[in-house]
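**Q** Structure for this input, please:
(chains A and B)
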Amino acid sequence: MSCNQRDSAEAKKNDVRLNGKKCSWASYMTNSPTMIVMIGLPARGKTYMSKKLTRYLNWIGVPTKVFNLGVYRREAVRSYKSYDFFRHDNEEAMKIRKQCALVALQDVKSYLTEEGGQIAVFDATNTTRERRDLIQAFVKENAFKVFFVESVCDDPDVIAANILEVKVSSPDYPERHRERIVDDFLKRIECYKVTYQPLDPDDYDRDLSFIKVINVGRRFLVNRVQDYIQSKIVYYLMNIHVHSHSIYLCRHGESDYNVEGRIGGDAELSPRGRHFSHALRDFVDEHKLSDLKVWTSQLRRTIQTAEELGVPYEQWKILNEIDAGVCEEMTYEMIHQTFPEEFALRDQDKYHYRYPGGESYQDLVQRLEPVIMELERQGNVLVICHQAVMRCLLAYFLDKSAEDLPYMKCPLHTVLKLTPVAYGCKVEMFYLNVEAVNTHRDRPIGKIPKDSSLIHRRNSYTPLSSHDQVKRPRLYSAGNQPWLPLAPTPSALMPEGLESQTQVGGSCLKPCVKESPMKAQRNLVALSASD
Amino acid sequence: MRGCSNRSKQNQGKAVCMTNCPTLIVTVGLPARGKTYISKKLTRYLNWIGVPTREFNVGQYRRDFMKIYKSFEFFRPDNEEGLKIRQQCASAALNDVRQYLAEDGGQVAVFDATNTTRERRETIIQFAEQNGFKVFFVESVCEDPDVIQENIVQVKLCSPDYTNCNTDEAVEDFMQRIKCYENSYETLDEVLDRDLSYIKIIDVGQRYLVNRVLDHIQSRIVYYLMNIHITPRSIYLCRHGESELNVKGRIGGDSGLTTRGKQFAKKLAQFIQTQSIVDLKVWTSQMKRTIQTAEALAVPYEQWKALNEIDAGVCEEMMYEEIQESHPLEFALRDQDKYRYRYPKGESYEDLVQRLEPVIMELERQENVLVICHQAVMRCLLAYFLDKSAEELPYLKCPLHTVLKLTPVAYGCKVESISLNVDAVNTHREKPEIGPLIDPRLVRHQERCRHQNCGEDKPPLIVR
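**A** Residues are numbered from 1 along each chain as shown, chains lettered A, B, ... in the order given. Predicted coordinates for the structure are as follows:
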């Protein structure tokens, strides 16, 4: 923790990351660069975990990159012949492999010291103490932190499935003859087993920081977690699983505001929106999803959509749409007229732009982190949410950058089915044949003047001095909770001209505030992410 | 906050679905391994985040039953009568657990006892199965004699069991007591207990073994337990210096410090100096008044958006009198239930607690920290450390220009209040006498009508 003290206010100002003025809280809390070192025999899920972890860390705003030693080896040795390359008595091969490791480490150093990276994931077997000592010397020399992630698995079924899913299609085996591949790969594993020295928490490795993942998350051994980011990494690794499941993302049905072209607010479904919710119910029935969990936000339009499904659903406040602050319930034309500068600012940097009194996509990502964590833990889930929220969730699953995220296409009345496969995510799009307005605004092409006279509103994570005279944007709470009456509102209380709300289904309009004390106690709390 | 729609379904005669079943946390470990410390801390945390939790300490049941403690002989494994009584106490405690979880609306019960034999644990597992509770074991393993010694000194010597003994006698007796358990201790085993859900905490958090975490609440419990530590440290809580809006009697906003506020900031800097705190971290919110206060300390500080003051929505920058005039029913509603009341377009204390949870988690990880924040925020943090209920929380006294020093000690927290002797306005409102209870729906409707009649620019289209 001395790193934090070393950072004087001066050093912070000069720091590349902070001058970038846009780092997330997670990034800000990560002081010295960290190297994550994977350990394990082949086919133990090291690359799977590396890629997933990297995707997660990048999504929460911590610049992370994977360095896969296999890739370096394939560069050096153009054609792979057989498992003989990996025999521990193959001296020439050993020399090449060590050389590759050194080159990879140099790239790690360059990434962490010159390219603004904060975390480097070193994805290799690293099964011998000798190799790990080499890495530790490197890390010490460069003042990085190091955290080991070891995957231990002795379940032959898991290993076999692993090989079939990702090794059979590896560049090492272009000829794709399955049995030969499996055979060669198993022999490859044997080569490593001879010299494998697992982490020894009781003696040799007791001072190292690491997590041992045993049998795909059945058990974990965690040793000496040093800091915030390691604690988050451990938490993440403990929550992911490899059981096959699918995540369905869709928006609420078309709402009255959608039709009017207004953003935000808490409108109800339009007639077409209601048709969509029926279509969604049919969709769910068709797909016969076992144990499907349904999640909505706490805004009327998602709740009304879920009500039609006739299954239990859970409301998450943090799934509420992005808060547009002073621009709530305005159309884009109105915003352009009333707040032309804000409008331009937003097009300049849609990901970091925060509506005055509202939120930015960056804020949204932070807010959604517990949802992602819980989606990782769960099986089949259908999430009925909103445009900006869906973009953020999709960006996590499809590994989209901050530049692309705010422009991802998430049309109304379309369900996206995400199924984890190999190292990524398969996406299937289901348009449910109910027409709706298009709420998508494309990225403006080239017209934005990089006008320095435009007010650059400060973002949250740059240290602000007291000399700031610019009125800081009001930071409202994430999402505004609507008041939903307990029972159909008696006509006496309804504003003139509006019908009583019984038609929509009184039961869907539940109080989100003022539940009886007994009921309130039973709710499990989903908490906002680290700020 | 996640809400379930399940209950409304029951009203419509539709199928009732699963609610999360209650969880029984069972501690395991020899005496003086920190089981009660962990139980109490975990209970405090879970209650603060809104999960109704209670701990059931079997030792307490034994003390209530036996009235007088003679010596460690009671705990000898061959003391049949002692064994019978201890068994009875455990059963009585489990009975109360069942009552709490099944009938009194509890969500988590922490069963705090040694539970060192497999046999005892098996009994508990069966009990849980019969009642539909999930079980999660928390075992604490420690062989460091210094830690154990410190433990005994801090919490055992002042225990009711040893009121009539001198220190040496007490320590000696307690060590013998531990020996009574050692021979029959069956630690949670990798193989024999592989189907159980548990976390094994080794050497006060040096290492953890986690097995079969089943659900969300267990995952959060594991995360919490992995972030706490017992290294001695202090947490300093204070508000920003007096601000311009404070002086005008207005809430919220983002104003700068008054002259007196700036004085306070200087005094705070001096105070920190005199305390000679090792490696102090300073945290502020992202509002001007806390940042200006921190600037005077001339040390690096970190800004947390989560530490911003409660958002008063439409009432931002108004005086209480003005709020009472323009939104009389809202004003009354707030006094009715200050913890849950949410300002229109703003937040409630309940929202604030959610927002502050990562701050608490990080405070647990850290050592010496000074948090410069705001009145409502400070109340929430204080309620966590001092285990205050939702009813008391919004009325905790957090005056300006006063530093609260919190030092964890034994099972709780020592609080020292240090006024830095700079005058400031008083921003505290006591809990008023409540009139007739008001229906919130009526309030919202009337407010909307009033705004429409006044012809304000933008009548709220949403009933909030």
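
**Q** elements contacting the longest helix anywhere in chain B?
**A** Criterion DSSP state H: the longest helix present in chain B is helix B:80-98. Contact analysis of helix B:80-98 by 3 or more C-beta pairs under 8 Å, 6 or more residues apart in numbering or on different chains; DSSP states H and E lists strand B:53-57, helix B:58-66, strand B:108-112, helix B:118-131 as its packing neighbours. The way it works is simple: take the backbone N, C-alpha and C, and place the C-beta from them, glycine included.

**Q** Most tightly packed of those?
**A** strand B:108-112 (a mean of 25; mean count of other C-beta atoms under 10 Å in any protein chain shown).

**Q** now that one, how far from the centre of its chain.
**A** 15 Å (C-alpha atoms, centre = their mean, to the nearest Å).

**Q** Output the below-cut-off pLDDT ranges for the chain.
**A** Reading this off chain A. A:1-31, A:290, A:357, A:446-531 (pLDDT under 70).

**Q** my bad, chain B
**A** Using pLDDT under 70, chain B drops low at B:1-20, B:345, B:435, B:440-464.

**Q** Okay, strands next: where are they in it?
**A** Counting by DSSP state E, chain B has strands at residues B:2-4, B:23-28, B:53-57, B:108-112, B:134-141, B:198-202, B:207-211, B:235-239, B:281-284, B:302-303, B:369-373, B:402-409, B:412-419.

**Q** which outside residues touch the last one?
**A** For strand B:412-419, the external contacting residues (C-beta atoms under 8 Å, 6 or more residues apart in numbering or on different chains) are B:40, B:271, B:385-387, B:399, B:401-408.

**Q** Considering only those residues, which also neighbour chain A?
**A** By C-beta under 8 Å from any C-beta of the partner chain, no member of the contacts of strand B:412-419 lies near chain A.

**Q** Most neighbours among those residues, please name it.
**A** Of all the contacts of strand B:412-419, residue B:401 has the most neighbours under the rule other C-beta atoms under 10 Å in any protein chain shown, reaching 24 neighbours.

**Q** correct me, but that residue touches residue B:240?
**A** No - between residue B:401 and residue B:240 there is no contact, the gap being 9.7 Å when judged by C-beta atoms under 8 Å.

**Q** follow-up on the earlier one: can you put the helices and strands packed on helix B:80-98 in a markdown table and add distance to residue B:303?
**A** Shown next, in a markdown table, are the helices and strands packed on helix B:80-98 (distance: least, C-beta to C-beta, whole Å):
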| stretch | distance to residue B:303 |
| --- | --- |
| strand B:53-57 | 32 |
| helix B:58-66 | 44 |
| strand B:108-112 | 34 |
| helix B:118-131 | 45 |
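
**Q** Reformat these as TSV; add distance to chain A.
**A** Below are the helices and strands packed on helix B:80-98 laid out as TSV (distance: least, C-beta to the nearest C-beta, whole Å):
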stretch	distance to chain A
strand B:53-57	10
helix B:58-66	24
strand B:108-112	10
helix B:118-131	16
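
**Q** among these, which is nearest residue A:139?
**A** Closest to residue A:139 of the helices and strands packed on helix B:80-98 is strand B:108-112 (C-beta to C-beta; 40.3 Å).

**Q** Which elements pack onto the closest one?
**A** If contacts are counted by 3+ C-beta pairs under 8 Å, 6+ apart, strand B:108-112 sits against strand B:23-28, helix B:35-48, strand B:53-57, helix B:58-66, helix B:80-98.

**Q** can you list the domain ranges for chain B.
**A** Domain ranges of chain B: B:23-226, B:235-419, per the TED database.

**Q** which ones are touching residue A:172?
**A** When contacts are counted by C-beta under 8 Å, 6+ apart, residue A:172 is found next to A:74, A:80.

**Q** Relative to residue A:70, how far out is it?
**A** Distance of residue A:172 to residue A:70, computed by C-beta to C-beta, to the nearest Å: 8 Å.

**Q** For the stretch 251-400 of chain A, list the residues in contact with chain B, please.
**A** Residues of the stretch 251-400 of chain A found near chain B (C-beta under 8 Å from any C-beta) are A:265-266, A:298, A:303, A:306, A:310-317, A:329, A:374, A:377.

**Q** Apply 7 Å and report the result again.
**A** Within the stretch 251-400 of chain A, the positions near chain B by C-beta under 7 Å from any C-beta of the partner chain are A:265-266, A:312-317, A:329, A:374, A:377.

**Q** Quick check: the gap between residue B:150 and residue B:246.
**A** The gap separating residue B:150 from residue B:246 is 43 Å, by C-beta to C-beta.

**Q** now the strands: where do they sit in the stretch 1-150 of chain A?
**A** Counting by DSSP state E, counting those that start in this stretch, the stretch 1-150 of chain A has strands at residues A:34-39, A:64-68, A:119-123, A:145-152.

**Q** Now tabulate the ones you listed in CSV and tack on distance to residue A:96.
**A** Output for those, formatted as CSV (distance: least, C-beta to C-beta, whole Å):
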stretch, distance to residue A:96
strand A:34-39, 20
strand A:64-68, 16
strand A:119-123, 18
strand A:145-152, 24
